[in-house]
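# Build me a structure from this.
(2 chains)
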Amino acid sequence: MDLATTLTGFVALYIFMLAAFTGYEIIGRVPAILHTPLMSGSNFVHGIVVVGAMYALLNASSLTEQIIGTAGVFLGAMNAAGGYVVTERMLEMFKPSQKNVDKKKA
Amino acid sequence: MNLHPQLIIDTSYFAAAFLFIYGLKRMSSPVTARSGIVVAGIGMLVATLASFLYYFVVDDAARPYLPTNLALAAGALILGTAVSWWQGKRVAITAMPQMVALYNGMGGGSAAAIAAVELLRTDVEHPLVPLIVTIVGALIGSISLSGSLIAWAKLDGKIDKTWRMRGQQVLNGTFFVATLAVGVYIVVFANGHADPRIVAAFFVGALIFGVLMTMPIGGADMPVVISLYNAFTGLAVGFEGYVLQNPALMIAGMVVGSAGTLLTLLMARAMNRSVANVIFSNFGVTGDEQQGEIKGSMKPADAADAAVNMRYASKVIIAPGYGLAVAQAQHKLYEFVKLLVDAGVDVKFAIHPVAGRMPGHMNVLLAEAGVPYDMIYDLEDINDEFKEADVAIVIGANDTVNPAARTNKSSPIYGMPILNVDQAKQVYVIKRGQGKGYSGVENELFFADNCNMVYGDAQKVMVAMIQAVKSLEGGH
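Below is the predicted model of the structure:
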């Protein structure tokens, strides 16, 4: 069976349009308090580029392609891993207050 | 039916795209944010592992190179992950913005590398539309790479001067047009089979343009620039995803591209500037306007007196700025706040949208010190409460509390939303010296009758305030 997906012009445009609205909706309703973590989180998400770089590298058939492909995978991996660590460290710190502990005496 | 590797790859990418969107959605609320990044992380792991299955479905031309390529991929993946994981775990929370810039640049570079591989392939036909998309993605990705690196270096203090000169915009414009012309040549005249040296020239041109574009921008505007480059990388990834016929890249890239663009606009609006204004003009260069005569004088106050005054107040609102983070005083501040809360004072934090170095950066800094997020309020939620407050305390902030933004039409910050601290009965401003804010504007708040200045390093002032309140309790 033929499993090759072909994303012709208009299918690609539909994907881009829907994805753009999704991104807009996600950020549009976020309180300012989460803007930095979300910028960091979206920075992590585009680390998926590493997958594209792996495709390019595994299909490389010359030394130049191998060099550029390796650089691409290295950079993409840094984007994904670094983005994850930084975002997680930021979000780890958001805690609600313990009201019963804070209000012990007047 | 035997499980075809391509089917597993496609399924994994579909799962990853779902997990990314679901994870980002969870990240948009403080309660679920932590689990959001974990969800997205699982998506990334699944997609990356599945990509090794390309081993079974590569082009015939790549077969002889496959063992080497596989080793290179695994090596680069492990090395890149290890380096940034180690680095990201160690870096201080105040340094987070530049780390976002750095990793964002890496992503842009990766997208540019994918484009470079495509453009150097001479053995295949390049249809027009994918070729244009490749070139545009390459341009955006390269600009994002070099621009983000400059932003990182500036925020990290490695480059500490803004590099401006006459005719800068003409030079930048010329460079951009020249790079674009090379791109057009590759597409139209060479049909994607240009000489490798010309392709290299295109990338070098785009990289240099990224540097030229970022160098004149001052540190205060960097958050907007980083956010813009974040959107750029997203777009570049989305475009290269189209070229590779990979919907996961297309969706993830475009979601980030649009979210990043919106975030950039929100940030610029919070600073009362347009994105074009941030990028193409230099703040304060035209700072010769007449500034109205400011009546009154700055009145110094003792830290201990201010602390005692707050201890017996019923409502205190704190407006922190970047100066707080520079002095690393957020922990001492929260210690002081806890003393006030124990004494029955109603304490709230008021955060201006551009406090810190990015929107929300101040929230992260306060969260690091243990301040619960339900004590922290956004500008629009708290601005009406200042007139009921007995004391408003400004720590290391300046332009974000300058009433000139409301009244003085000739001021460069006119129209920017500000925290209405001047409406509190008493205002204390903790500040290192008498200097002006980033905008270079004199702050008439400091001269107001109900305002006193507490001079000194924020951390030392907070220590003095804690001692003052504690000695009060001890005397009972």
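# Next, the contact list for the spatially most central residue of chain A, please.
Using C-alpha atoms, centre = their mean, the residue of chain A that lies closest to the mean C-alpha position is A:Val45, 0.5 Å off. A:Val45 is in contact with A:Gly83, B:Phe20, B:Gly23, B:Leu24, B:Ala40, B:Ala252, B:Val255, B:Val256, counting by C-beta atoms under 8 Å, 6 or more residues apart in numbering or on different chains. Just so you know, the C-beta spots here come from the backbone N, C-alpha and C atoms, and that holds for glycine as well.
# Tell me which of those has the lowest pLDDT.
Minimum pLDDT across the contacts of A:Val45 is recorded for B:Leu24, with 91.
# How many neighbouring residues does B:Trp86 have?
A count of neighbours around B:Trp86, defined by other C-beta atoms under 10 Å in any protein chain shown, yields 13.
# What pLDDT is listed against it?
95.
# Run through the residues that contact B:Val394.
Residues in contact with B:Val394 (C-beta under 8 Å, 6+ apart) are B:Ala319, B:Gly321, B:Val401, B:Val421, B:Val427, B:Tyr428, B:Val429, B:Ile430, B:Lys431, B:Leu445.
# thinking again about what came up before, in which helix or strand would I find the residue nearest to the centre of chain A?
helix A:35-45 (DSSP states H and E).
# for B:Ala392, same thing?
With DSSP H and E as criterion, B:Ala392 is part of strand B:391-395.
# Between the contacts of B:Val394, which sits nearest B:Thr179?
B:Gly321 (39.0 Å; C-beta to C-beta).
# how far away is that closest one from B:Met96?
17 Å (C-beta to C-beta, to the nearest Å).
# Same question for B:Arg197.
Where B:Met96 is concerned, B:Arg197 sits at a distance of 40 Å (C-beta to C-beta).
# Now do the buried residues in the longest helix anywhere in chain A.
Scanning chain A for the helix with the most residues, using DSSP state H, yields helix A:63-92. Buried residues in helix A:63-92, defined by neighbour count with 16 or more other C-beta atoms under 10 Å in any protein chain shown: A:65-91.
# Could you give the backbone dihedrals for B:Asp378?
phi -80, psi 160 (degrees, to the nearest 10).
# Measure how buried it is and give me the count.
By other C-beta under 10 Å, the burial measure for B:Asp378, its neighbour count, is 17.
# got the CA positions of stretch B:217-231 in CSV?
Extracted C-alpha coordinates of stretch B:217-231, given in CSV (Å, rounded to 0.1, in the frame of the first residue of the first chain):
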residue,chain,number,x,y,z
ILE,B,217,18.5,47.6,19.8
GLY,B,218,18.9,48.5,23.4
GLY,B,219,18.7,46.0,26.4
ALA,B,220,15.3,47.3,27.5
ASP,B,221,13.7,46.4,24.1
MET,B,222,15.3,42.9,24.0
PRO,B,223,12.2,41.0,25.3
VAL,B,224,10.2,42.2,22.3
VAL,B,225,13.0,41.2,20.0
ILE,B,226,13.4,37.7,21.6
SER,B,227,9.7,37.2,21.3
LEU,B,228,9.8,38.2,17.6
TYR,B,229,12.7,35.8,16.9
ASN,B,230,10.8,33.1,18.7
ALA,B,231,7.9,33.7,16.2
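# Restricted to strands, list the contacts of B:Val394.
Counting by DSSP state E, the part of the contacts of B:Val394 found in strands is B:Ala319, B:Val427, B:Tyr428, B:Val429, B:Ile430, B:Lys431.
# List buried residues within those residues.
B:Ala319, B:Val427, B:Tyr428, B:Val429, B:Ile430, B:Lys431.
# Just send these back as JSON lines, with distance to chain A and pLDDT too.
Formatted as JSON lines, those follow (distance: C-beta to the nearest C-beta, whole Å; pLDDT from 0 to 100):
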{"residue": "B:Ala319", "distance to chain A": "14", "pLDDT": "91"}
{"residue": "B:Val427", "distance to chain A": "23", "pLDDT": "91"}
{"residue": "B:Tyr428", "distance to chain A": "23", "pLDDT": "91"}
{"residue": "B:Val429", "distance to chain A": "23", "pLDDT": "90"}
{"residue": "B:Ile430", "distance to chain A": "23", "pLDDT": "89"}
{"residue": "B:Lys431", "distance to chain A": "24", "pLDDT": "85"}
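# Of these, which is the nearest to B:Ile135?
Closest approach between those and B:Ile135, by C-beta to C-beta: B:Ala319, at 47.5 Å.
# so who does the closest one touch?
B:349-350, B:352, B:355, B:392-395, B:397, B:400-401, B:419, B:421.
# Kindly report the same for B:Phe336.
Going by C-beta under 8 Å, 6+ apart, the list of residues near B:Phe336 reads B:Ala307, B:Met462, B:Met465, B:Ile466, B:Val469.
# What is the burial count for the residue nearest to B:Met375 when sequence neighbours are not counted?
Spatial nearest neighbour of B:Met375, chain neighbours left out: B:Phe349 (5.6 Å); criterion: C-beta to C-beta, 6 or more residues apart in numbering or on different chains. For B:Phe349, the neighbour count with other C-beta under 10 Å is 22.
# Give me the sheet partners of whichever strand or helix holds B:Phe349 and which way each runs.
Using DSSP H and E, B:Phe349 sits in strand B:346-351. Strand pairing for strand B:346-351, using DSSP bridges, gives strand B:315-320 (parallel), strand B:376-378 (parallel).
# and the angle for it with strand B:391-395?
40 degrees (axes from the mean of the first three to the mean of the last three C-alpha atoms, to 10 degrees).
# and strand B:346-351, how far out from the chain's middle?
Relative to its chain's centre, strand B:346-351 lies at 24 Å (C-alpha atoms, centre = their mean, to the nearest Å).
# about what we covered before: CA atoms of the helix holding A:Val45 as CSV?
C-alpha atoms of helix A:35-45 as CSV (Å, rounded to 0.1, in the frame of the first residue of the first chain):
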residue,chain,number,x,y,z
HIS,A,35,3.8,35.0,29.3
THR,A,36,7.5,34.3,30.0
PRO,A,37,7.0,30.6,30.7
LEU,A,38,4.7,30.3,27.7
MET,A,39,7.3,32.0,25.4
SER,A,40,9.7,29.5,26.8
GLY,A,41,7.2,26.7,26.3
SER,A,42,6.6,27.6,22.7
ASN,A,43,10.3,27.9,22.2
PHE,A,44,10.5,24.3,23.3
VAL,A,45,7.7,23.2,21.0
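# So which elements touch the next helix or strand after that helix?
For helix A:35-45, the following helix or strand on the C-terminal side (DSSP H and E) is helix A:49-58. On a contact count with 3 or more C-beta pairs under 8 Å, 6 or more residues apart in numbering or on different chains; DSSP states H and E, helix A:49-58 meets helix A:63-92, helix B:33-51, helix B:66-90, helix B:96-120, helix B:222-243, helix B:247-270.
# closest one to B:Gln6 among the ones you listed?
helix B:33-51 (10.3 Å).
# still on that earlier bit, identify, from the ones in strands among the contacts of B:Val394, the entry nearest to B:Ala116.
Among those, and counting by C-beta to C-beta, the member closest to B:Ala116 is B:Ala319, at 48.2 Å.
# Residues in a beta bridge with the closest one, which ones?
B:Val394.
# shaky segments in chain A?
Residue ranges of chain A with pLDDT under 70: A:1-7, A:32, A:95-106.
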